Every structure is written in structure tokens, then in C-alpha cells.
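[1] Next comes the sequence, and after it the predicted model I'd like to discuss.
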Amino acid sequence: MATTLLEETLEGWRYTRDGVIAEFANIPAGSFDFVPAPGMRTVGQLAGHIVDWGFVMAGELSRPDGNFTRQPVADFLREYSLDLARYPDKAALIDLLRVRKGR
């Protein structure tokens, strides 16, 4: 049982992440390049977006001075996100979604 706001957040995040992983696992690998409408993200880009923001959340929540208003959004992404071009396929993106510690 969570005893702090951080623990409660992480517990909820874990359940949500597991559901997101299960949904991406159900999508055929060949569909990760699917664009649902012009100007929208592909399925793979959406997975990458979730990966990036998972690292932003983990980074700021684990900082003693963490503060989601301390810099512009683009700076958070530069600080925490990965080079997702190195993870171009379904299996690699799902592995990144499963990361629980470190990078």
C-alpha cells in the first residue's frame, strides 16, 4: 500500500504502463508505421512519445528538486529523452516501455 504521494503515483503509473504495453503488444508489427490521418503520429511514434515522457516523469519525480515547471517542455525532452531512432521497431519500443530502472 502506498504511503506517499510519490509511491501512489508510481503504483498507478505501473498499472497504466502495463495496460499500454499490452495494447501495443496486440498491434501487429507491420502496423507500427500506420498513420491514422494526415498530421497524426504513427503507432510507433506514439509509443516513442510515451517512452520519452516516461523518462521525463521518472527523472523529475526522482530529483530532490524535481519541478515540472522548472523549464520549457522542449528542455525536459532534451534532458531525458532517448534517441528513439535507435529503437525503430515494435519489439525495441515495447522493451523500452518495460524499463523500470535506469536507461
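    Structure received. Numbering: from 1, shown residues only.
[2] contacts and neighbour counts: CA atoms only from here.
    Fine.
[3] What is the neighbour count of Ser81?
    19 (other CA atoms under 10 Å).
[4] That should have said Pro88, apologies.
    14.
[5] repeat for the one 4 residues further on
    Burial of Ala92 is recorded as 13 neighbouring residues (other CA under 10 Å).
[6] chain center to the particular helix or strand that has it in it, what's the gap?
    Here Ala92, judged by DSSP states H and E, is contained in helix 90-98. With CA atoms, centre = their mean, to the nearest Å as the basis, helix 90-98 stands 10 Å off its chain's centre.
[7] send the alpha carbons of that helix over as PDB?
    C-alpha atoms of helix 90-98 as PDB (Å, rounded to 0.1, in the frame of the first residue of the first chain):
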ATOM      1  CA  LYS A  90       7.900  -2.800 -32.200                       C
ATOM      2  CA  ALA A  91      10.000  -5.100 -30.000                       C
ATOM      3  CA  ALA A  92      12.500  -2.400 -29.200                       C
ATOM      4  CA  LEU A  93       9.800   0.100 -28.300                       C
ATOM      5  CA  ILE A  94       8.000  -2.400 -26.100                       C
ATOM      6  CA  ASP A  95      11.200  -3.200 -24.400                       C
ATOM      7  CA  LEU A  96      11.700   0.500 -23.600                       C
ATOM      8  CA  LEU A  97       8.200   0.700 -22.300                       C
ATOM      9  CA  ARG A  98       9.100  -2.100 -19.900                       C
END
